[in-house]
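> attaching a predicted model along with its sequence, questions to come.
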Amino acid sequence: MANKLKLAIYWAAACGGCDVAILDTDEKILNIAEAADIVLWPIAMDFKYEDLYKMEPGSIDVCLYNGAVRTSEQEELARALRDRSNVMVAFGACASWGGIPGLANLVTREEIFNTVYKETVTTINEDDIRPATNYQGSHGELHLPKIYDRVWSLDQVVDVDYYVPGCPPTPETIWTAVEAIVTGNLPPKGSVIGGTKSLCDTCEREKTEKKITQFKRPFEIIADPKKCLLEQGLVCCGPVTRDGCGHRCTNNNMPCRGCYGPSEKVNDQGARLLNAIASIMDVKDEKSAAELAATWEDPAGTAYRFGLPKSLIFDYKKGGK
Amino acid sequence: MYKDFTDEIMSYPGGEKIMACMQCGTCTGSCPTSHAMQYTPRRLISLIRANQRETVLKSLDIWKCASCYTCTARCPRGIKFTDIMYILKTLAWKDQLMEENKDITAFYSAFQDLIAKRGRMNESELVLKYSLKTNPAKLLEFGPLGMKMVLKGRAAIIPPSIRNQKQVQKILELAKERGGE
Amino acid sequence: MIYQYYPGCSLHASARDYDESVQGVVKSLAMELKEVPDWNCCGATITPSLNQLQSQILPARNLALAAENRGDVVVPCNACYMSLKKIQYNMAKYKVVREKVTEIFGQAGLRLTGMPKVRHLLEVILEDVGLEKIKQMVKKPLKDLKVVNYSGCQLVRPLGFDNPEDPQALDNLMSALGAEVLPFSQKTHCCGGSLITTQPDLAFQMVDSILEESRAVGADMVVVTCPMCQLNLDAYQDQVNRKFNRTLQVPITYFTQLMGLALGLNKNQLGLQRGIISPFKALEKIG
Amino acid sequence: MSENFEPKILGILCNWCSYAGADLAGTSRLKYPANIRIVRVMCSGRVEPTLILKAFQEGADGVLVSGCHPGDCHYVDGNIKTLRRTPLISRLLTQIGIEPERFKQVWVSASEGEKFGKIVEQMVEDIKKIGPYQKKTGDALDTVAHEVYQSTKEVAATGEEGGSHCG
Amino acid sequence: MSGQKIGVYVCHCGSNINGVVNCSKVAEEAAQLDGVVVSKDYKYMCSDPGQEMIKADIKEKGLDRVVVAACSPRMHEPTFRKALEGGGLNGYLLEMANIREHVSWVTKDKEEATKKALALVKGAVNRVKYHQPIEEKEVPVNDATLVIGAGIAGIQAALQVAEAGHKVYLIEKKQYIGGNMAKFDKTFPTLDCAACILTPKMVDVGQNPNIELYTSSEVIKVDGYVGNFTVTVKEKPRYINHEKCTGCGDCATACIMKNRIPHEFDEGLSKRGAAYIPFPQAVPLKAVIDDQNCLLLTRKKCTLACVKACGRKAINFNQHETIHEFNVGSIILATGFDLFDAKRAPQYGYGRYPNVINGLQFERMTNASGPTSGHILLEDGTEPKSVAIIHCVGSRDENYNKYCSRVCCMSSVKFAHMVKDHTDAEVYEFYIDMRTFGKGYEEFYNRVQEEGVHFIRGKGAEVAQKNGRLVVKAEDTLLGQYREIPVDLVILNTALEPRVDAEKVAQTLGISRSADGFFLESHIKLDPVTTTTDGIYLAGCCQSPKDIPDSVAQGSAAASQSLAIIATGKVKISPISASVDENQCAGCRICVGLCPYRAIKLNEETLRAEINQAVCKGCGTCAAACPSGAIKVSHFDNDQLLAQIEGVLA
């Protein structure tokens, strides 16, 4: 089994869905197990830090890192895994673009702490205890990871070779990725596993000339299953989102939320979507534009649902440009 | 503090466009009292821009403004000359530069005192105060008209007042303290 | 509709007749007027001549008091209307005014919580009730009554709601009530109200040119919208006529008085008996 | 904020009206602050938020977008698209932590050189009040985290001597 | 982007730039930038030696990109593009940094200015790296010209093009040509009779075989671009068969509405019927039926007296509107002006006092063929003893129009002369400033002063009636006194305003208007005839108020622009345009409705958007909106703009 692939899977700031998604490949998981030796998978097997640190650089063939980077521990592990892996894969939307946890960048760490440790009705915290990195316990000093001021995507912290998009990635996408790795039939570095064009390319809904007269939220209407959702006033991220998910949402009459990340030529998923949609608002003067725009609840949260940390405004390499 | 008189006028709300004047005289031509003025409105603007502060503030012409705003409405350059007249009057009053005129001083201060005292105006008390300040013989002049007003039920016998007079006094004082600007 | 009523000082004194007719008319029109609580004098033309900031702060207090309640502020007096509108304009336009007013308010326990709309009574009647409805409500048309309409200055300038040179509102209203509106070039010429006490020579001339044209065109009466204008043209008319050797008297009535008559209200209910120049003779035309 | 903070402002101006308006400010020799750097586009309808975000990423403290007045567009109605986008872009920027003072969209015609100067002046003044734009590069504890990482590496290095591979 | 060879040239523009910006320092620092191999500063880059320097460097040093830091690209971009082409480089490999209009002329502090200039140069250097050669497109030119408006400017332009042997379609909204000038009596400063100089030209228009005249017609649609416009014109029914009508006027005499409708041509001073001859010298001299007042057309009930009276059976009530379509290479817009309605300034009593009239009414009054047969008369038929002329009514006034209407001072002086000439009246002119700047104008003013006209420096503020007589209230500003001057007749010299439908016309033609509402020229000094849309030219008062000599000059200038295009036979059109990358387009259709020129279509087979390059004008709105980033705009693409932004902010 010497030429079996050495695989590491790590879970950072994410919901855990990505790990489940790997299991979700059903019988194909067996194929994965056949092709690969899992050298690290904290959710499934017991590992200690030192087990990892003891590994030689290059001793891991492929690391599937899921989740965004929010704490010093996640950064530390990302760097340690990177140092030891030949191929680093940002696995899932959170690792690739920050994902849902990335929405935390809309507020500051202090605001989050205030909500969690102070302001919620059920919080009783008279001493105003906040997360700290050091704690002098009775048995000595304890160390906890630092929670960073913002959420980083994996590639803002370490060099990433490939991206497997999705929240979570579909079994098909995972299998495509694994197959490529196993067979050594690798795409150019930096590639995203999925289509290249946007979701609209393969969307079968009927499209006409677009005009938006009012923004609606999915619960407000029962959308016509045959017609373009955007034309019905639902903000659909399809036009800026990479194809390859198999239309899981739109097939269920729900607008796309963009979990497959930006399509090939899209540099800022949220900004592009917002601009495209604003351009087709059916208004001709400033007042009605402002009124209509106001009916779109939470533009940043919708347009950047999965990619806020990769918005141009947040897109820096950690520790410098 | 001010570069010149123009600068001073321009620092008050309504005075800012004075440099735009093209001396067309629409203000004077529209003014119902300019016929009685030594310095017509247009000329006053010229004098301001020539930095002749004392000449302007001394002149009783500025007290001839009837506040009809016709000059303001018609000015082709958007100058609010009625507001400028007000500014000139307040400066003349503050610096006590105006030529002596008992009628004007007495009437304006009587009115202002009444507001400070009661918060509201009533003509009977105003005329009484005004006459006493100038020439009590004036009361005889106002007498017949006053009687008619009383007979027609158009004179307030009990002076009106407001509940929170202290507040009115306070805001007036605070405004005065702040230089009246 | 509920409105906030800012009568101004005159309507509680020399213009009681105006107040009476206002109350009568608004009742007929099913408008509810609630007096702005504890309002103060707007400062008229006097305060702005003496102190710039005081002239802002006085009307501003009224707005602050009015902002506590709901409804537009309705003003029957041209001078008060202009004072209140002007402070609104100044606060919107000049930061320094805004800041100083709020600062002083802060120290005096006042707070401007909103910006109520300031409207003249004539404006409210024309816009909210409307000519059509008024026409339908007329019980006694002012037929054969020849009037000239005198809007005065501050209803239309500098921030008024009608054309500053040739206002139409009053003409339209009087025509709707059935009166014959005569052409009148003095519609917005100043009556000299602010000068009548201190510089009567100037003011008398202004009063005379208004009265003279109204007589020349054959008006039965001059219709006004402001207690200052009314006082000037009515109470001083005898003195002015003596000075310029005129013999004819012209009654000066408030638009609300004529409106009340047309709507079928009683003459005395409308304060018509309070005119120094009695309008009754002229009103015989309409019975 | 620093005493002599001079904000950097990016101006994106349409060729036909606003750029010409800025030219007019020049030919009229009107003086306005040198804080603005102007980039020309053919129409304000060309402006996409990417350009605006890029500016902030590159260290701008403010962005001014200006086009022809509605109705006067050289391309019939390109500026109508601009005005559709503005309210949403403003909201997006505010949501992601960029103060509203930092983004302005205005109309400046080819004849409004003076207005252009005034707008720049006002914007510089407004931005000076709120201070420089803080890049969202994360917190100051980056260095601490890095130190922690370095030390763990040392631990790993020491561990290597007697350890063996697992898994 | 390595391996590029960029040349940077910093222009001093004499002291215009160098007086504020340290040009040599900018050039020195620019030399350090990545990719820059040559960096120089020079006194006048636009001069021959300056351009030669660029050409030489391209050849000798192998430059492949050029940055010129100088004045606005709106000024000299074409100049330097040519210089690049002279050196063998494509002109679009140039980028200009505007360090004059945007830096030296607007910045006080020299250090700040130098810093800003350098930033702009950095932006330009960054941007030019992404420039691609673009070939300018050339298209053949249709040699017909459309002239809209047949007043003096339009007539002049039409005749000139037609006389050069080319087809002209002359479109006039009214039923006759001649415009406002046809209403005038005399023209300043020579006092030529307006009809004597205009009528021959009008007749020429009617007779020139190259001119196709369409009266009662309006342009409703313009498609295409310079060299190849397609114009749609709507011709209203006139209910008169022009072939048969001789203009005898029998129908006018017979019309039962005779003398009941105010006659527009006489500015309401006379009355006409529903069938009428506009004026004796009208071209075409045909009867007109006024469909707003004709009883048959409005109420379907009439004795048809006109039909009975017409010996040639020329009246035909069954006419309908006709739509014409023309292909032309260029368009000359000469739609003229509207006169300010003096009722908008009620203080002057226009419309209230019958003896307050406007300038055009006065023209009609003094015109021998006008309503009073050339006599200056008051409403009661007597001659005035005293006349006031008020300048600037509606002009130079924030409440109405801020601009100076330019012709009123001179026409007022003319009016004064006419009054003096026709009557014994005293004349008072109320003016703010006298502006008599043309050839022979000051001399004319001088002459009229000597005729005894009272010039009062002060704007007439109000016209009132006192004791049955008009009085003008004004300040005599030179006296410093308020005056009331009693007069019998007041002439309000009102502003020249943009046509009320100017906005609609601008939209139909796709041109811009300036803040005053007149059509916008490309450059107020150097290009006052062309609009910002290639191939559309302006003549006369539709661009700004002007007098007859200037209107004629501009008409000729516009004609020469048209003729120049025709002579070239082909035109270059801006190569900046958008295109779709098929490999990125997902067919979402967001772009389709955004194009104002309808240049984007969705190919129903490939389901990809396609842009018609000939129609696209390159505004880039579609590229900004494309969610997929599939649309590129040449010369204004994202990589270029982003690089420039990075540079200017560095």
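Nice, thanks for sending it over. Since this is a predicted model, take the numbers as computed values, not measurements.
> residues contacting the residue most central in space within chain E?
Taking CA atoms, centre = their mean, the centroid of chain E lies closest to E:Q543, which sits 2.7 Å from it. Taking CB atoms under 8 Å, 6 or more residues apart in numbering or on different chains, we find E:Q543 in contact with E:F518, E:F519, E:E521, E:P528, E:Q554. In this view, the C-beta of every residue, glycine as well, is placed from N, C-alpha and C.
> switch the cut-off to 7 Å
Contacts for E:Q543 (CB atoms under 7 Å, 6 or more residues apart in numbering or on different chains) come out as E:F518, E:F519, E:E521.
> also E:I485?
Per CB under 7 Å, 6+ apart, neighbours of E:I485: E:A388, E:Y428, E:V471, E:V472.
> which SS class is residue 131?
I'll assume chain A. coil (DSSP: H, G, I helix; E, B strand; the rest coil).
> pretty sure it contacts A:I147?
Yes: with contacts counted by CB atoms under 7 Å, A:P131 reaches A:I147, the gap being 5.9 Å.
> residues of chain B that sit close to chain E?
B:22-26, B:28-30, B:34-35, B:40, B:42-43, B:74, B:76-78 (CB under 7 Å from any CB of the partner chain).
> show me the helices in chain B, by range?
B:5-10, B:26-30, B:41-49, B:53-58, B:70-74, B:81-94, B:102-118, B:123-133, B:138-151, B:165-177 (DSSP state H).
> show residues contacting the second one.
By CB under 7 Å, 6+ apart, the residues outside helix B:26-30 that reach it are B:34, B:40-42, B:70-71, B:74-76, B:81, E:458-462, E:473-475, E:482.
> could you redo the last one with a cut-off of 8 Å?
Contacts of helix B:26-30 (CB under 8 Å, 6+ apart): B:34, B:40-43, B:45, B:70-71, B:74-76, B:79, B:81, E:347, E:458-462, E:473-475, E:477, E:482.
> please apply the same query to the longest one.
The contact list for helix B:102-118 (CB under 8 Å, 6+ apart) reads B:60, B:63, B:93, B:98, B:121-122, B:125-126, B:129-130, B:133-135, B:159-162, B:165, B:168-169, B:172, C:40-41, C:43-44, C:46-47, C:49-50, C:58, C:197-199.
> tell me the angle it makes with helix B:81-94.
Comparing the axes of helix B:102-118 and helix B:81-94 via axes from the mean of the first three to the mean of the last three CA atoms, to 10 degrees yields an angle of 90 degrees.
> average pLDDT for helix B:102-118, rounded please.
Taken as a whole, helix B:102-118 carries a mean pLDDT of 93.
> so how far is that helix off the chain centroid?
11 Å (CA atoms, centre = their mean, to the nearest Å).
> for the stretch 151-300 of chain A, which segments count as strands?
Assigned by DSSP state E, counting those that start in this stretch, the strands in the stretch 151-300 of chain A fall at A:162-164.
> neighbours around residue 95, how many?
Just going to use chain A. 32 (other CB atoms under 10 Å in any protein chain shown).
> correction: the question concerned chain E.
28.
> residues touching it, list them.
So E:E95 contacts E:R65, E:V66, E:V67, E:V68, E:A124, E:V125, E:R127, E:V128, E:H131 (CB under 8 Å, 6+ apart).
> out of the contacts of helix B:26-30, which end up buried?
With burial judged by 16 or more other CB atoms under 10 Å in any protein chain shown, the buried subset of the contacts of helix B:26-30 is B:34, B:40-43, B:45, B:70-71, B:74-76, B:79, B:81, E:347, E:458-462, E:473-475, E:477, E:482.
> hmm, back to that, how about JSON lines for the contacts of E:I485, with neighbour count added?
As requested, the contacts of E:I485 are exported to JSON lines (neighbours: other CB atoms under 10 Å in any protein chain shown):
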{"residue": "E:A388", "neighbour count": "27"}
{"residue": "E:Y428", "neighbour count": "23"}
{"residue": "E:V471", "neighbour count": "18"}
{"residue": "E:V472", "neighbour count": "27"}
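> give me the subset of those touching chain D.
Subset of those in contact with chain D: empty, counting by CB under 8 Å from any CB of the partner chain.
> return the member of those nearest to C:S209.
C:S209 lies nearest to E:V471 out of those, by CB to CB, at 11.5 Å.
> and the stretch 51-200 of chain A, which residues reach chain E?
So the stretch 51-200 of chain A meets chain E at A:T196, A:K197, A:S198, A:L199, A:C200 (CB under 8 Å from any CB).
> show me the helices in chain C, by range?
C:16-28, C:47-50, C:52-67, C:78-93, C:95-108, C:121-124, C:131-137, C:169-176, C:200-216, C:227-235, C:237-244, C:255-262, C:280-283.
> out of the ones you listed, nearest to chain D?
Using CB to the nearest CB as the measure, helix C:95-108 is the one of the helices of chain C that comes nearest chain D, at 11.8 Å.
> next, the angle helix C:52-67 makes with that closest one.
70 degrees.
> so what touches helix C:95-108?
B:13, B:167, B:170-171, B:174-175, B:178, B:181, C:53, C:56-57, C:60-61, C:64, C:87, C:90-92, C:111-112.
> does the closest residue to E:E267 other than its chain neighbours count as helix, strand or coil?
Among residues not flanking E:E267 along the chain, E:Q361 sits closest, at 4.4 Å (CB to CB, 6 or more residues apart in numbering or on different chains). Assigned state for E:Q361: helix (three-state reduction, three-state DSSP).
> and the average pLDDT for stretch E:629-639 is what?
94.
> scratch that, stretch B:89-97
Rounded mean pLDDT across stretch B:89-97 is 94.
> with stretch A:77-85 instead?
So the average pLDDT for stretch A:77-85 ends up being 94.
> how far off centre is it?
Using CA atoms, centre = their mean, the offset of stretch A:77-85 from its chain centre is 19 Å.
> now stretch E:475-485
39 Å.
> show the average pLDDT along that stretch.
Mean predicted lDDT for stretch E:475-485 stands at 97.
> please apply the same query to stretch A:54-72.
On average, stretch A:54-72 scores 92.
> low-confidence ranges in chain D?
Counting by pLDDT under 70, the ranges of chain D that qualify are D:1-3, D:135-167.
> show me it divided up by domain.
D:9-134, D:137-167 (automatic domain parsing).
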